[in-house]
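1. Here's a sequence, model it:
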Amino acid sequence: MRSNYRTCLLLLNLFFLATVCHLAAHPIPDLPVRSWFNEDGSVEIRVEVDPRSSTDDPEALDYYLKSHIEELNEAEIQEMKDRADMFTRQRIQFLFAPDGAKTPNFTWEFRKLADEPWLAPDDITVLVGSWKFQLDGETKYQIRALELDDFSMGIPLNVVYLNFLNKIQTERYAVLFPGETSFSLDLTTSFAKTEGSDQPAGVKAAKGDLMEIFTSEVKRGFLHVIPLGMDHILFVLGMFLMTRKWKPLLLQVSAFTVAHTLTLWLASAGWVNLPPKIVEPIIAASIVVVAVENIFQKEYRHWRLLIVFSFGLIHGLGFAGVMSTKLDSTQSLLVGLVGINIGVEIAQIGIIIAALILTSFVAKNPAVYRKFVVIPGSILIAAAGIWWVLERTVL
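-> All right, here's what the predicted structure looks like:
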């Protein structure tokens, strides 16, 4: 009986390691669509595409750096731009009333992540498509995130819909999942000035708009943990393996949430910006630390909260890099961040509940539980973290 149990445990461990190694690449950021409308009728729509998104196996690749792109020949660069253009057409539909869908005509250039100047050799590279035109009777604008018929051109991503009126970012934005259509931006009344303000009236958001932002961000926060955030999942499981008691579990999860909420807010507001080459290895190392502590520390101590909080600050910066949404509006930024973090918190609690249920059959015997769950589980988590540290630094 014990031999069969150990065999099953070994097979589960091998499956776990294979899955983790397959998901070791840095996550693909969301797909932002930023649109600038001016009173003179001029328009620029910019789409930011991670070059990995349009490859046949995006999760098998790391970030493209500026130095990598400079090693490509002209044909390879053009192929990358062509694939980004096709990828965008397969993911987004641009709708203008009264005529309906418009076919975009993008000009592509390499930029740094978050559509910033492309300068240093180790800058993480994205392809930014710019489509400029003049309005000709169009009265409304919205986009649709298209359903995926297959996965031959990458993976499904959230599409983030951001608009600017006379260079001022509107408070209302949308996070679209495949098959969803954004709200409609009125191009006839949005530029009217509100009393006592020089800003266009369309910049402000109504309460109903903010609730829509909140609910979509809850969903986005949840999905960026389950199933997309494998490193986040392992960190939560590392916290779980220290203790099964609800109070210390909730204290750890709460400390972690408060910490990554703080840095996600600072990063989304543009006040903190650490490069992923620093953030990602530290996130991986944090997984190793909590797992190793589980092996040598048998009981929970409150000083662990300091460790969890410190690493939570770094995880928040990792979330900011994936979500790729810099907001100028304090109101919508606050609502969106609350929504994201509630989604993350729901996912974290869901992971812990699932772990409690799946290990309940052996938890009645503390010695057996520690021998067959805590120790091997922590070793596996530490091994995955060590692999990610190596993969994100020297491999």
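2. show me the contacts for residue 385.
-> 231, 234, 284, 285, 286, 287, 288, 291 (C-beta atoms under 8 Å, 6 or more residues apart in numbering). Yep, even glycine has a C-beta here, placed from its N, CA and C like the rest.
3. and those as a markdown table, adding distance to residue 199 and secondary structure?
-> A markdown table is the format used below for the contacts of residue 385 (distance: C-beta to C-beta, whole Å; DSSP: H, G, I helix; E, B strand; the rest coil):
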| residue | distance to residue 199 | secondary structure |
| --- | --- | --- |
| 231 | 41 | helix |
| 234 | 45 | helix |
| 284 | 44 | helix |
| 285 | 45 | helix |
| 286 | 42 | helix |
| 287 | 45 | helix |
| 288 | 49 | helix |
| 291 | 50 | helix |
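4. Lowest-confidence entry in the residues you listed?
-> Here the lowest pLDDT out of the contacts of residue 385 sits on residue 231, with 84.
5. ok, how many other residues are close to the closest residue to that one other than its chain neighbours?
-> Nearest non-adjacent residue to residue 231, counting by C-beta to C-beta, 6 or more residues apart in numbering: residue 283, 5.6 Å away. Residue 283 has 23 neighbouring residues, counting by other C-beta atoms under 10 Å.
6. how near is residue 283 to residue 49?
-> Between residue 283 and residue 49 the computed distance is 24 Å (C-beta to C-beta, to the nearest Å).
7. Remind me which helix or strand residue 362 belongs to.
-> Applying DSSP states H and E as the criterion places residue 362 in helix 360-363.
8. what's the longest strand in this structure?
-> Criterion DSSP state E: the longest strand present in the chain is strand 125-134.
9. pLDDT averaged over that strand - what is it?
-> 94.
10. got the buried residues for that strand?
-> By 16 or more other C-beta atoms under 10 Å, the buried positions in strand 125-134 come out as 125, 126, 127, 128, 129, 130, 131.
11. about what we covered before: ok, now which ones touch the residue nearest to residue 231?
-> Residue 283 neighbours (C-beta under 8 Å, 6+ apart): 231, 235, 311, 314, 315, 318, 388.
12. Out of those, which is nearest to residue 109?
-> Nearest to residue 109 among the contacts of residue 283: residue 318, at 26.5 Å, using C-beta to C-beta.
13. who does whichever strand or helix holds the closest one touch, helix- and strand-wise?
-> Assigned by DSSP H and E, residue 318 belongs to helix 304-323. Applying 3 or more C-beta pairs under 8 Å, 6 or more residues apart in numbering; DSSP states H and E, we find helix 304-323 packed against helix 230-240, helix 246-268, helix 276-296, helix 330-358.
14. Which positions within that helix qualify as buried?
-> 304-305, 307-309, 311-323.
15. mind showing which ranges of the stretch 51-200 of the chain have poor pLDDT?
-> For the stretch 51-200 of the chain, the stretches with pLDDT under 70 are 54-62, 148-157, 194-196.
16. Do a quick rundown of the helices in it.
-> Along the stretch 51-200 of the chain, counting by DSSP state H, counting those that start in this stretch, helices occupy 66-69, 74-91.
17. Contacts for the first one, please.
-> Translated: helix 66-69. Contact with helix 66-69 is made by 77, 110, 112, 118, 119, 120, 121, 122, 123, 125, as judged by C-beta under 8 Å, 6+ apart.
18. Select only the buried ones of those in ChimeraX?
-> Filtering those down to the buried ones (16+ other C-beta under 10 Å) takes a single ChimeraX command:
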select :110,112,118,123,125
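19. Of the contacts of helix 66-69, which belong to strands?
-> Counted as lying in strands by DSSP E, out of these, are 110, 112, 125.
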